[in-house]
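>>> structure here, sequence nowhere to be found:
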């Protein structure tokens, strides 16, 4: 008989689970932080088994899972469902969830309410929100409520239209200074880490040296304290446009398509299922069943 590993009680850290102080210590030691997105229990479990440090349930799910053209359409209910699934699979890594667009921009109270829902309903370790400026008060409010916050500057997909599209940010001195100042402000507001997206590598390196908290880069060079990639991008599953900063570590889309095509061919030819894929019934029970069916049919 096989037994399934017991899950920790709600609110109880899993054995060996990474903590926020340990994440900060990784920066001090110079240990690189590995972060990846995940959107369901199997991907969360795989990320856990692979030894990643942080799993992000990103609003990128709107594009790579739900088929939208941007992250904006992702809803609270959708991301809550996906986050619940991921936390069932990922136990050792820190699990962070994106607050979707429209769930925190209105007020500090709305941001706190949304963050509380994620913690209470999913067991997530913290939330991520985009931007600085007006969002700094949101960060302070959520952190003040006892919920860890990861910041995000540079290319902020939820407001990409205002930035001129999905383009690199901070490519002039004035804009680079703004990102630098925003990152410092997010640290001061209480963020435990900051994502730097599509920022020139030298700018990201300067920000990383200036901050006491870890930086997580995505298209921001190798000098960030850690890196994050989207699950579907690094595995070669997503068939949309791959950003410049993506490195594919597998090309699973053709493998998946081939497997499904072979399955379809077997079904159509009658070669699947084989006898080894079916269940038997004892001859005497089969005889009783057939007799019973005959009685019912005759009636």
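Done, it's in. The shown structure was predicted, so the numbers you read here are calculated from the model rather than taken from an experiment.
>>> for the closest residue to residue 135 other than its chain neighbours, give its distance to residue 81.
Once flanking residues are discounted, residue 135 sits nearest to residue 129: 6.1 Å by Cβ to Cβ, 6 or more residues apart in numbering. Placement of C-beta: from N, CA and C, glycine included. Counting by Cβ to Cβ, to the nearest Å, the separation of residue 129 from residue 81 is 19 Å.
>>> show me where the stretch 101-250 of the chain has its strands.
Assigned by DSSP state E, counting those that start in this stretch, the strands in the stretch 101-250 of the chain fall at 126-128, 149-154, 193-197, 215-218, 226-229.
>>> now the shortest one: average pLDDT?
Per-residue pLDDT over strand 126-128 has a mean of 98.
>>> residues near residue 37, how many?
Applying other Cβ atoms under 10 Å, we find 27 residues neighbouring residue 37.
>>> oh, I was asking about residue 46
17.
>>> cool, residue 117 as well?
18.
>>> so it touches residue 76, yeah?
Yes - Residue 117 is within contact range of residue 76, at 7.0 Å (criterion: Cβ atoms under 8 Å).
>>> ok, residue 178 to residue 209 distance?
For residue 178, the distance to residue 209 - Cβ to Cβ - is 18 Å.
>>> and the residue lying closest to residue 140 once chain neighbours are set aside, what is it in contact with?
Nearest non-adjacent residue to residue 140, counting by Cβ to Cβ, 6+ apart: residue 189, 5.1 Å away. Shown in contact with residue 189 (Cβ atoms under 8 Å, 6 or more residues apart in numbering): 136, 139, 140, 143, 151.
>>> run through the helices of the stretch 1-150 of the chain in chain order.
Secondary structure of the stretch 1-150 of the chain (DSSP state H, counting those that start in this stretch): helices at 20-29, 41-49, 61-64, 76-89, 108-122, 135-144.
>>> include distance to residue 55 and mean pLDDT when you put those into CSV, please.
CSV is the format used below for these (distance: least, Cβ to Cβ, whole Å; pLDDT from 0 to 100):
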stretch, distance to residue 55, mean pLDDT
helix 20-29, 13, 97
helix 41-49, 5, 97
helix 61-64, 13, 94
helix 76-89, 6, 98
helix 108-122, 12, 98
helix 135-144, 19, 98
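>>> highest mean neighbour count out of those helices?
Here the criterion is mean neighbour count by mean count of other Cβ atoms under 10 Å, and of these the winner is helix 61-64, at a mean of 23.
>>> by contact count, what packs against it?
Counting contacts by 3 or more Cβ pairs under 8 Å, 6 or more residues apart in numbering; DSSP states H and E, helix 61-64 is packed against helix 76-89, helix 231-234.
>>> okay, those helices in TSV with distance to residue 99 next?
Formatted as TSV, the helices and strands packed on helix 61-64 follow (distance: least, Cβ to Cβ, whole Å):
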stretch	distance to residue 99
helix 76-89	8
helix 231-234	19
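>>> can you tell me which residues contact residue 90?
38, 44, 45, 47, 48, 55.
>>> against residue 238, how distant is it?
20 Å.
>>> let me know the distance separating the residue nearest to residue 140 from residue 175.
Relative to residue 175, residue 189 is positioned 21 Å away (criterion: Cβ to Cβ).
>>> likewise for residue 60?
Distance from residue 60 to residue 175, counting by Cβ to Cβ: 24 Å.
>>> likewise for residue 278?
On the measure of Cβ to Cβ, residue 278 and residue 175 end up 64 Å apart.
>>> show me which of those two is the more surrounded one.
Ranked by neighbour count (other Cβ under 10 Å), residue 278 and residue 175 place residue 175 first, with 17 against 7.
>>> so who does that one touch?
With contact taken as Cβ under 8 Å, 6+ apart, residue 175 is in contact with residue 169.
>>> repeat that for 6 Å
For residue 175, the contact set (Cβ atoms under 6 Å, 6 or more residues apart in numbering) is empty.
>>> so what pLDDT did it get?
Reading off the model, residue 175 has pLDDT 95.
>>> same deal with residue 70?
The model's pLDDT for residue 70 equals 90.
>>> how far away is it from residue 219?
17 Å.
>>> swap in residue 286?
As for residue 286, its distance to residue 219 is 63 Å (criterion: Cβ to Cβ).
>>> so which of those two has more stuff around it?
residue 219 (22 against 11).
>>> list the contacts for the more buried one?
The neighbours of residue 219, taking Cβ under 6 Å, 6+ apart as the test, are 197, 198, 245.
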